[in-house]
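# What follows is a protein structure lacking sequence information:
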């Protein structure tokens, strides 16, 4: 018996008149027998409303049809009103409620619970594997109550169906990526009778394993190539779930090989996987979870807002699968790797776009547990470190970017965690070993992936410290220190953040040999902009205080970041937006650094900004660092204010809002992508 047949059987029992007439228990609970196999308690000739009360009402609250037409007074008496009785005319009422009273609250709640229970059971029958659906139907026929008890306790009616519906609505808004030509034709959708070109499939899959398999686990290489052989060489018909999986992975990989895979083919891969994604969910929960993960990675590359809801849907399926223990022991480690990648994507997207991630502490801890493999692999070790950094960034976002002001203690806490993470890395993952050109211990793809892991690590440090840098700069411009740490501590944090930005630039420069491979990579784009923001801020602050030493080098490093963004802007509209922000500021700072004379006419407000307090104020009695004791050069104030605005808004939120301004479930959080 197929799953669809099981669903039809359950639906027939759900719409039985006896169920509609069954009254819920007083305590609001339902047994399996009550929910699915209620026996009739009234004659079928009676209406549903009659079954709720045996005593008819004597009066109703509205006029009869005859009194309505004559616009005369009606007392609402049943069965004939007094006016019609006197006139000896026919008296009829429309929509008469013959019960003594409406349903009580506990009765209404019980009915709602019954509907949710049946919806949940129907959803489980629709998307469970065949053997699980059969077992579920057997329990229903045996009148077992454990399933209903589970639904009542969980409070999560049909979560997979709900999240997939949300994802589908989001995808409908994302019918065409922003950087696609407005007059481009609708992408083709492949079918079992019209398979995608084999050569394009091979190129996409090969690019995935060459470029991002070491960072994002999706499929074992042997497994996916077996699916490809089945599609193109087997005489058996191709099922849509298999077609979905092959197209999804080819879509992800093709983004890293845009020179050989045309854009229309990439979109056709993606659209095909989107159309048949529900078939994967129906075939097996975790196959559906993996497909949503693939679609989210592709959406990352093309900056679709549906990326967030595809991740949320995948996480919901993962929760469901863990509760029902849908995986067998022999492949548990593979599904855990898929789940870990899913958690990383949620953390990474949240920390780069600035919204509250939707994961519990238990889920974060579970994703960080060591995954034991039958044969340990370097890819698994690298993916574990990538996931660890993503979770660190999400925790930084949660603690630092709230409505409260910047706090030194929080920055110190997360700085210690980052330092501990770097020290815990094995020797071959340390940055010095990775950049050692004479070392032959690492393949090129592993070395590239480890460089990206370290870029994320330094990006996490910038995310942690940049808000404090803005707060300190505003204190210095106002010459009023209001932070909870000392100036010396602030100077140390400032230097650490600038050093992290310079290191990011060097690592991005190390990856320049990859050419077009990483043009759409949000990791490179986001961290290049982040590092550039810090370096432009550093140059502006130095020029503001007349400290010329090192400004030229700082601007040179920021120019390298701009080159990365300009190269990516050829294929990515978000990178182009970022170039439009940082390039004019860079040019302005270069002009200021070459100015021969700083002597300009100063207005009264500039003099006040330069020295708003008397020389003998308590602030001036404090031991200052070098930069605090330097005079402010008014000509650099506009550039400094622009640099503060750029550094203080890492997520492109309007008016520098914080993550508390948006709910975790808000799919339309303003960000770089929209």
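That came through fine. On a predicted model such as this, the values are computed, not experimentally measured, just so you know.
# ok, and the closest non-adjacent residue to residue 350?
residue 357 (3.8 Å; Cβ to Cβ, 6 or more residues apart in numbering). Placement of C-beta: from N, CA and C, glycine included.
# Am I right that that neighbour is in a strand?
No - Residue 357: not assigned to a strand; according to DSSP: H, G, I helix; E, B strand; the rest coil it is coil.
# quick one: contacts for it?
Residue 357 is in contact with 346-347, 350-351, 394, 397-398, 664, counting by Cβ atoms under 8 Å, 6 or more residues apart in numbering.
# Kindly recompute the last result at 10 Å.
Residue 357 sits next to 311, 315, 343, 346-351, 363-364, 390-391, 393-395, 397-398, 659, 664 when contact means Cβ atoms under 10 Å, 6 or more residues apart in numbering.
# what's the neighbour count on residue 404?
The number of residues packed around residue 404, counting by other Cβ atoms under 10 Å, is 11.
# wait, it sits on residue 471?
No - contact criterion Cβ atoms under 10 Å: residue 404 and residue 471 do not qualify, at 11.4 Å.
# which stretches of the stretch 101-250 of the chain aren't confidently modelled?
101-104, 123-132, 143-187 (pLDDT under 70).
# residue boundaries of the strands in it?
Shown for the stretch 101-250 of the chain, no strands are assigned by DSSP state E, counting those that start in this stretch.
# quick one, helices of it?
105-127, 130-141, 146-154, 159-173, 198-211, 221-233, 240-254 (DSSP state H, counting those that start in this stretch).
# can you check the stretch 551-674 of the chain too?
Using DSSP H, counting those that start in this stretch, helices in the stretch 551-674 of the chain cover 551-569, 573-593, 604-610, 618-621, 626-629, 637-647.
# Show the buried residues in the contacts of residue 357.
311, 315, 343, 346-351, 363-364, 390-391, 393-395, 397, 659 (16 or more other Cβ atoms under 10 Å).
# Quick check: strands, which of these are part of them?
If you go by DSSP state E, the buried ones among the contacts of residue 357 have nothing in strands.
# Find me the pLDDT at the residue most central in space within the chain, would you?
Geometric centre of the chain, nearest residue: residue 308, 3.3 Å, by Cα atoms, centre = their mean. pLDDT for residue 308: 86.
# which other helices and strands contact the host helix or strand of it?
Following DSSP states H and E, one finds residue 308 within helix 306-324. Applying 3 or more Cβ pairs under 10 Å, 6 or more residues apart in numbering; DSSP states H and E, one finds that helix 306-324 contacts helix 105-127, helix 146-154, helix 159-173, helix 277-283, helix 285-302, helix 332-353, helix 361-368.
# and the ones you listed as CSV, adding distance to residue 510?
Output for the helices and strands packed on helix 306-324, formatted as CSV (distance: least, Cβ to Cβ, whole Å):
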stretch, distance to residue 510
helix 105-127, 45
helix 146-154, 49
helix 159-173, 37
helix 277-283, 37
helix 285-302, 22
helix 332-353, 21
helix 361-368, 28
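# So for residue 454, which of those sits nearest?
helix 332-353 (15.1 Å; Cβ to Cβ).
# Check which helices and strands the closest one sits against.
Using 3+ Cβ pairs under 10 Å, 6+ apart, helix 332-353 sits against helix 285-302, helix 306-324, helix 361-368, helix 378-400, helix 444-478, helix 522-544.
# Let me know the angle separating that helix from helix 444-478.
30 degrees (axes from the mean of the first three to the mean of the last three Cα atoms, to 10 degrees).
# Just the mean pLDDT for helix 332-353, thanks.
90.
# Please name the residues that touch residue 216.
208, 252, 293-294, 297, 300, 337-338, 340-342, 344-345, 383, 386-387, 449.
# now with 7 Å?
Shown in contact with residue 216 (Cβ atoms under 7 Å, 6 or more residues apart in numbering): 297, 341.
# likewise the one 5 residues further on?
The contact partners of residue 221, by Cβ under 7 Å, 6+ apart, come to residue 209.
# can we see that at 10 Å?
Per Cβ under 10 Å, 6+ apart, neighbours of residue 221: 205-206, 208-209, 213.
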